[in-house]
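Participant: predicted model, plus sequence, below.
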Amino acid sequence: MHVLRLLLLFSAFLIAGCGSYYNVSVDSLRDAQQPAGTIYVVQPGNDGVSQSDLLFREVLRQITPSFQARGYSIVDDIKKADNVTVVSYWMEEPRVHIATDTITRSYPVMVGRGRHQRIEYVYVDEPVVTSTTVYTANLLLEAYSLTADKQRDRQIWRTALRCSSGTEDFHTLLFSMVQVLPSVLSTQSNGLKRYEVFLGNDGEIEVSDQSEGWL
């Protein structure tokens, strides 16, 4: 029965196609009193990172379509901006997840004597231990309104994303989070929301809201 179940599961993966799954969680807060302006300047929130940093520029490139999807514009000059978004990103220490399962194996056993000997199979459940390393990336966007002299004023929204998977490549984890970002940026999530992102080897992308079904 266990072997049949494994075969059916393997067949399902073949039918679904090859790719990887990424778990993305979102925690987003939004001020009830939003400013009228929709023009943003984006600044790095990581210590020692400037706006010319190559990784920051890559992050900015990937999140820009999400701002546009929410009706926001991004400019380089803070003098032209209504609001500012501070973007921070980091990797967590890898976590090792150990799982224990069982698999049924068959062993031949000789029974009887003489010409009445025959082979029968004994089925034994054996434990199987698997070890998986989980890598996690974080993306935090904090938006503030700007005063007349272009100083940060009150916080107007805060959107935090966290992506976990078996890959340690930050760019892939970032790309997975960006698939969710357009629908959650600057929103009120009312607690933690969880998504599953499938990236197919053929370029297919699917985003599944784990509480509400397919997006």
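Facilitator: That came in fine, so what should we check first?
Participant: setting aside sequence neighbours, what's the nearest residue to residue 130?
Facilitator: Closest residue to residue 130 apart from its sequence neighbours, by Cβ to Cβ, 6 or more residues apart in numbering: residue 99 at 5.1 Å. In short, each C-beta sits where N, CA and C put it, glycine included.
Participant: ok, now residue 193?
Facilitator: Looking at residue 193 with Cβ to Cβ, 6+ apart, the closest residue is residue 26, at 4.8 Å.
Participant: ok, the one you found - contacts?
Facilitator: With contacts defined as Cβ atoms under 8 Å, 6 or more residues apart in numbering, the neighbours of residue 26 are 159-162, 180, 184, 189, 192-195.
Participant: just checking: what are the partner strands of the helix or strand hosting it?
Facilitator: For residue 26, the enclosing helix or strand under DSSP states H and E is strand 19-30. As defined by DSSP bridges, the strand partners of strand 19-30 come to strand 152-165 (antiparallel), strand 193-200 (antiparallel).
Participant: same list (those strands) but as TSV, adding mean neighbour count.
Facilitator: Below are the strands paired with strand 19-30 laid out as TSV (neighbours: other Cβ atoms under 10 Å):
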stretch	mean neighbour count
strand 152-165	19
strand 193-200	18
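Participant: and stretch 63-71, C-alpha only, in PDB?
Facilitator: Included here for stretch 63-71 are C-alpha records, laid out as PDB according to Å, rounded to 0.1, in the frame of the first residue of the first chain:
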ATOM      1  CA  ILE A  63       9.300  45.600  -6.700                       C
ATOM      2  CA  THR A  64       8.500  48.500  -9.100                       C
ATOM      3  CA  PRO A  65       5.800  46.700 -11.000                       C
ATOM      4  CA  SER A  66       4.000  46.000  -7.700                       C
ATOM      5  CA  PHE A  67       3.900  49.800  -6.900                       C
ATOM      6  CA  GLN A  68       2.600  50.500 -10.400                       C
ATOM      7  CA  ALA A  69      -0.100  47.800  -9.900                       C
ATOM      8  CA  ARG A  70      -1.300  49.700  -6.800                       C
ATOM      9  CA  GLY A  71      -1.400  53.000  -8.700                       C
END
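Participant: give the buried residues for that stretch.
Facilitator: Applying a neighbour-count criterion of 16 or more other Cβ atoms under 10 Å, the buried positions in stretch 63-71 are 63-64, 66-67, 70.
Participant: what's the answer for stretch 165-177, then?
Facilitator: Under the neighbour-count criterion of 16+ other Cβ under 10 Å, stretch 165-177 has 165, 167, 170, 172-177 buried.
Participant: just stretch 24-41 next, same as before
Facilitator: Buried positions in stretch 24-41, judged by neighbour count with 16+ other Cβ under 10 Å: 24-30, 40-41.
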